[in-house]
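Chemist: Here you go, sequence then predicted model.
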Amino acid sequence: MTTQPHAPVQAAPRATVSGIPFGRLLSVEFRKSWNTRSGFWLLFTIGALVLVAELIAAIVTAVQDVDDVNLGTFATVAGVITQLLLPTLGILLVTSEWSQRTAMVTFALEPRRSRVIQAKLVVSLVWTAITVIFALAMGAVFNLLYGAINGSISWSGGAGVVGFIITQAIAMLIGFAFAALLLNSPAALVVYVAYLFVLPTILGIGSALMDWFKSFADWIGFSQAQQPLYDGFWNMSGSEWGKLIVSGCIWLGIPLAFGLRRILRAEVK
Amino acid sequence: MIKVEGLTRTYGSYTAVDDVSFECQPGRVTGFLGPNGAGKSTTMRIIVGLTPPTKGTATVKGVHYHDLPNPGRTVGVLLDASAQHDGRTGREVLALGAMTMGLPMSRVDEMLHLVSLSPSEAKRRIRNYSLGMRQRLGIAHALLGDPEILILDEPANGLDPAGIRWMRGLLKQYADRGGTVLLSSHLLHEVELIADEMILIGKGKIVAQGDRKALMAHNTKVEALVTSLDNAALADALTAKGISVAAAGEGLRVAAEPVEVGRTAVEHHIVLTDLRSGEGGLEDLFLQLTADTQREGAVA
């Protein structure tokens, strides 16, 4: 490293200083999601795992001669993988700013913190869309393959595909909300995994043991409440909508509201 | 350019910053000095809106930092060189900054060149950077938007001697071109060499501020160190004038101005071999003023 004692500071072309347009924040946040080593490998892993899962699903269904295989089947398989990994991406998008302390730089360059958070939220949904499209494209390829092997091909399962898209977006948002609330990567991941795997078990045990608990659990189990989405939201009953909205407020609305409030007010150091 | 008025920040019962007021003028380097935990970084974070103040206001160019439309183009900020993502390359860090501020990517290369980070170093990830390299990258990031104001927290930390000299030249030149610089340090000598204006802070309170001359006026300790060919006679003569004298090494420590000691020596025809002021300069003043806030207890 050589040192130049009096290297001149060259002036940047100075235009009249105007605010930072939202599109620019969006492209900056999008770039941040893949230009770190961890971000890049997480995205790579999501893609690779979806591919592997679809491949296994195609082989298993072909070998075992499962009857009702269609595009929706492959979408559901991809959903199992992405409902865990997509929110991880959403969590890291928020928490890495705090664990790596880059929030000091980010919020010094754009002190209107809500705009940065909005950009991050949009980026997380963009990644959801990219993943969903990738998963569906893979699903279509394997569906064709399966059809070629089995002789019959079904492009039905549209309701499952729509349900897949909606639930993945919800999963991403929950990860984002937990991250905003906790501002800590491991804590947010643990809470998300607990929400995803432990909560349904507890609610299930409670419902099995106590009759009164069953009706109560239906209103707080967000995962169960999302199941009807796979049969098409246009087919959902009023009660199913009610349960989805109530449990959604508990697991998504409230954490997100408190999390955003925390980020906007927190001291950044 | 930077104006801080009655700034106070408390954490529960602890007061980190206590009624701090100062101004930083264009064309001048303002040094912000104090021991560890004196409130320097907290004050700087409040100025750039990262920490909300409990009381008081801080403005940059007459507005709150929050109201600057594209703050990176007006204020260059380096608060902590370690506050960068370990897994990102140095070049990417600057690229993100340039993108946010709406600058051409050529600006990134200009800044890398300015802080002497080579292209291969810029491609390495931050986790492999030394503190000095992070500091250079941080300075490059602060200068990226060609700001009129620089706010740097401990920028000399981790730089080698050549790097520190380079940074001094850079900041001096920047101020000469009309820029406003606020830099903090606990290294008094570093700041003394470049700061036109100094603010001494201890336990969240400003204990003294002004240029070097104004600060030295705070030094109330009057003392001279003298050595002569006949120390005993000189001591007697001074004592006869009612001035207290104590032996110090080969000579005497006298509670009077050097001029008074010299006059006494002339009167009694004593040859002096050494005579100097006992006030130890800024460092003594600094330690004296912040004595009750130093961790090491009574040092002055």
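Modeler: Cool, got the structure. Residues are numbered from 1 along each chain as shown, chains lettered A, B, ... in the order given.
Chemist: show me the contacts for residue 223.
Modeler: As the question left the chain open, I've gone with chain A. Residues in contact with A:Ser223 (CB atoms under 8 Å, 6 or more residues apart in numbering or on different chains) are A:Leu196, A:Leu199, A:Pro200. Using the backbone N, CA and C atoms, a C-beta is placed for each residue, glycine as well.
Chemist: looking at chain B here, not the other one
Modeler: B:Arg253, B:Val254, B:Ala255, B:Ala256, B:Ser277, B:Gly278, B:Glu279.
Chemist: Got a quick ChimeraX command for the buried subset of the contacts of A:Ser223?
Modeler: Command for ChimeraX that selects the buried part of the contacts of A:Ser223, burial taken from 16 or more other CB atoms under 10 Å in any protein chain shown:
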select /A:196,199
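Chemist: Would you convert the contacts of A:Ser223 into TSV that also reports pLDDT, secondary structure and distance to chain B?
Modeler: Putting the contacts of A:Ser223 into TSV (pLDDT from 0 to 100; DSSP: H, G, I helix; E, B strand; the rest coil; distance: CB to the nearest CB, whole Å) gives the following:
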residue	pLDDT	secondary structure	distance to chain B
A:Leu196	90	helix	26
A:Leu199	90	helix	32
A:Pro200	88	helix	34
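Chemist: quick one: which of the contacts of A:Ser223 is nearest to B:Leu215?
Modeler: Set against B:Leu215, the nearest of the contacts of A:Ser223 by CB to CB is A:Leu196 (61.6 Å).
Chemist: where does that closest one sit relative to A:Gln83, distance-wise?
Modeler: 7 Å (CB to CB, to the nearest Å).
Chemist: for the chain, what spans make up the helices?
Modeler: All of this refers to chain A. Using DSSP state H, the helices of chain A run over A:22-34, A:37-63, A:71-99, A:103-109, A:113-150, A:158-182, A:185-193, A:199-209, A:211-220, A:222-226, A:238-248, A:254-265.
Chemist: not quite, I wanted chain B
Modeler: Shown for chain B, the helices assigned by DSSP H span residues B:40-47, B:90-101, B:106-114, B:119-122, B:131-143, B:161-176, B:188-194, B:212-216, B:231-240, B:258-267, B:282-289.
Chemist: re the thing from before, quick one: common contacting residues for A:Leu196 and A:Gln83?
Modeler: Common neighbours of A:Leu196 and A:Gln83, counting by CB under 8 Å, 6+ apart, are absent.
Chemist: so what's A:Ser237 up against?
Modeler: With contacts defined as CB under 8 Å, 6+ apart, the neighbours of A:Ser237 are A:Pro228.
Chemist: now B:Thr264
Modeler: Contact analysis of B:Thr264 by CB under 8 Å, 6+ apart lists B:Leu234, B:Ala237, B:Leu238, B:Lys241, B:Ile270.
Chemist: So it versus B:Thr273, what's the distance?
Modeler: In this structure, B:Thr264 lies at 15 Å from B:Thr273, with CB to CB as the measure.
Chemist: still on that earlier bit, can you redo the helices of chain A as a markdown table with distance to B:Leu94?
Modeler: Output for the helices of chain A, formatted as a markdown table (distance: least, CB to CB, whole Å):
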| stretch | distance to B:Leu94 |
| --- | --- |
| helix A:22-34 | 12 |
| helix A:37-63 | 18 |
| helix A:71-99 | 18 |
| helix A:103-109 | 11 |
| helix A:113-150 | 19 |
| helix A:158-182 | 26 |
| helix A:185-193 | 25 |
| helix A:199-209 | 43 |
| helix A:211-220 | 47 |
| helix A:222-226 | 42 |
| helix A:238-248 | 41 |
| helix A:254-265 | 25 |
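Chemist: Out of those helices, the one nearest B:Leu114 is which?
Modeler: Checked against CB to CB, the stretch from the helices of chain A lying closest is helix A:103-109, at 18.5 Å.
Chemist: tell me how far that closest one is from the chain's mean position?
Modeler: 24 Å (CA atoms, centre = their mean, to the nearest Å).
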